[in-house]
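Asker: sharing a model that was predicted from the sequence below.
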Amino acid sequence: MHSNDHEVLAQALRWHQAGQRCVLVTVLSTFGASPRPPGAMAVISEQGLITGSVSGGCVEDDLVHEVMAGSLWAEGAPRVALRTYGRDAAERERYRLPCGNALGLAIEPFWQPAVVEQAMQALHARQMVLRRLDYASGQVSLSPAREHADFSDDAQGLAHVLGPRHRLLLIGATEVSRYLLPMAQSLGYAVTVCDPRIEYTGAWQDLDATLVTDMPDDAVTAFACDARTAVVTVTHDAKLDDLALMEALKSPAFYVGALGSVITNARRRERLKQFDLSEQQVAAMRGPVGLPIGSRAPAEIAVSIAAELVQVRRQLETGASCA
């Protein structure tokens, strides 16, 4: 499973190679709450098929009809068509947009397959790439993302980052990690799995993730955790989990969690206090990891962890309490 960027661009190339015309659609800056964030993408074929989403279903039907009509490719049509939905109460009612909201979209009928292929190469290499679109010419340029904001737009064009914006370091090549891996990737994470135990890593070679076999503390240090990093320990081995947590809790990582029961994590916190960690750093550990949804099976635990990752990121973005 891949991110929205990957799935949309890959499908666009498949339709192009099959001889079908299609358009790329990108969400622009919005007014009010939006089902999809700025930079979210979709691709719509001339046969009316769609991959991705730009409104959660509110305006997709209208877009499909416009694409199937073929007018976007008509002689003299703009290289990039700009649309705004929800300009007034009547439009908001028609498109089922929440009251007070407006949705802006950029539609690219004349996207360049060669440029998309270059972007896909970067995504396959788990690299972030900055995509700039000029509205007047329809031309797209690619460059390393570096420290650019995830998305920006103005009257001339837009710029958005493709590829994994966040990173997840999973300590433990366990069954929970196997289920959590594709979920995290679909949420836009570049995932690395660390486990020094050969009996656990032997069957992981076929999975789409970076695998390291360093000791967990060394792996966390080498990972250079920043504010877009999450670290989750799921080894079921206290020695390995504690090694990773000792380093991760000192880092700027926005999320550090440990698998285990309430009692197990209470004991873990007491152990961590014996090391060079402050009370505040130890308190930042999320354990038991994941939202309390009554999960037991590995897949259910993975769902709870993925849900908490979403919750914490949204709280940080909106400034809400992360308690």
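Answerer: Nice, I can see it. Predicted model only: the values in this text are computed from it and were never measured.
Asker: tell me how many other residues crowd residue 221.
Answerer: Neighbourhood size, residue 221 [other Cβ atoms under 10 Å]: 16. Where you see a C-beta, it was placed from the backbone N, CA and C, and this is true even at glycine.
Asker: which residues in the stretch 151-300 of the chain form helices?
Answerer: 175-186, 198-201, 216-223, 238-248, 262-272, 279-283, 298-318 (DSSP state H, counting those that start in this stretch).
Asker: who wins for proximity to residue 9 among those?
Answerer: Distance to residue 9, taken as Cβ to Cβ, is lowest for helix 175-186 among the helices of the stretch 151-300 of the chain, at 14.9 Å.
Asker: what's the domain layout of this protein?
Answerer: Following automatic domain parsing, the chain resolves into domains at 4-162, 166-318.
Asker: follow-up on the earlier one: could you dump the helices of the stretch 151-300 of the chain to JSON lines with distance to residue 125 and mean pLDDT?
Answerer: Below are these laid out as JSON lines (distance: least, Cβ to Cβ, whole Å; pLDDT from 0 to 100):
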{"stretch": "helix 175-186", "distance to residue 125": "14", "mean pLDDT": "93"}
{"stretch": "helix 198-201", "distance to residue 125": "22", "mean pLDDT": "91"}
{"stretch": "helix 216-223", "distance to residue 125": "18", "mean pLDDT": "97"}
{"stretch": "helix 238-248", "distance to residue 125": "25", "mean pLDDT": "96"}
{"stretch": "helix 262-272", "distance to residue 125": "36", "mean pLDDT": "94"}
{"stretch": "helix 279-283", "distance to residue 125": "34", "mean pLDDT": "95"}
{"stretch": "helix 298-318", "distance to residue 125": "23", "mean pLDDT": "94"}
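Asker: which stretch among those approaches residue 82 most closely?
Answerer: Of all the helices of the stretch 151-300 of the chain, helix 298-318 comes closest under Cβ to Cβ, at 25.8 Å.
Asker: got any ranges where the chain has weak pLDDT?
Answerer: Within the chain, the stretches with pLDDT under 70 are 1-3, 31-35, 56-57, 87-100, 147, 206, 320-323.
Asker: report the central residue of it.
Answerer: Residue closest to the mean C-alpha point of the chain, counted by Cα atoms, centre = their mean, is residue 188 at 1.9 Å.
Asker: test my guess that residue 301 contacts residue 174.
Answerer: No - applying Cβ atoms under 8 Å as the test, residue 301 and residue 174 come out as separate, 9.8 Å apart.
Asker: number of residues surrounding residue 306?
Answerer: Residue 306: 21 neighbours (other Cβ under 10 Å).
Asker: one more: the one 10 residues further on?
Answerer: Look at residue 316: counted by other Cβ under 10 Å, it has 13 neighbours.
Asker: that one contacts residue 230, doesn't it?
Answerer: No - under the criterion of Cβ under 8 Å, residue 316 makes no contact with residue 230, lying 11.3 Å away.
Asker: now the common contact residues for these two.
Answerer: Common neighbours of residue 316 and residue 230 (criterion: Cβ atoms under 8 Å, 6 or more residues apart in numbering): residue 254.
Asker: so residue 153 makes contact with residue 132?
Answerer: No - with contacts counted by Cβ under 8 Å, residue 153 stays clear of residue 132, the gap being 10.3 Å.
Asker: ok, the two, which is more surrounded?
Answerer: The residue with more neighbours, out of residue 153 and residue 132, is residue 153; 19 against 16, by other Cβ under 10 Å.
Asker: return the residues in contact with residue 216.
Answerer: Going by Cβ under 8 Å, 6+ apart, the list of residues near residue 216 reads 171, 194, 196, 233, 235, 240-241, 243-244, 247.
Asker: let's go with 6 Å and repeat that
Answerer: Going by Cβ atoms under 6 Å, 6 or more residues apart in numbering, residue 216 touches 171, 194, 240, 243-244.
Asker: now swap in residue 212 and tell me
Answerer: Per Cβ under 6 Å, 6+ apart, neighbours of residue 212: 194, 219.
Asker: same deal with residue 234?
Answerer: 172, 174, 176-177, 259.
Asker: and the helices in the stretch 1-150 of the chain?
Answerer: Under DSSP H, counting those that start in this stretch, the stretch 1-150 of the chain gives helices at 4-17, 60-69, 89-94, 113-124.
Asker: point out the most buried one among those.
Answerer: Among those, helix 4-17 has the highest mean neighbour count (mean count of other Cβ atoms under 10 Å), at a mean of 19.
Asker: ok now it, how far from the chain's centre?
Answerer: 17 Å (Cα atoms, centre = their mean, to the nearest Å).
Asker: over to stretch 20-32?
Answerer: 17 Å.
Asker: pull it out as CSV, backbone CA atoms only.
Answerer: Output in CSV follows, covering the C-alpha atoms of stretch 20-32 (Å, rounded to 0.1, in the frame of the first residue of the first chain):
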residue,chain,number,x,y,z
GLN,A,20,-6.6,6.9,-22.3
ARG,A,21,-6.6,10.6,-21.6
CYS,A,22,-6.9,11.6,-18.0
VAL,A,23,-6.5,14.7,-15.8
LEU,A,24,-4.7,15.3,-12.6
VAL,A,25,-6.6,17.3,-10.0
THR,A,26,-5.0,18.9,-6.9
VAL,A,27,-6.7,20.5,-3.9
LEU,A,28,-5.7,24.2,-3.5
SER,A,29,-5.9,26.2,-0.3
THR,A,30,-9.4,25.9,1.1
PHE,A,31,-11.7,28.1,3.2
GLY,A,32,-13.1,26.4,6.3
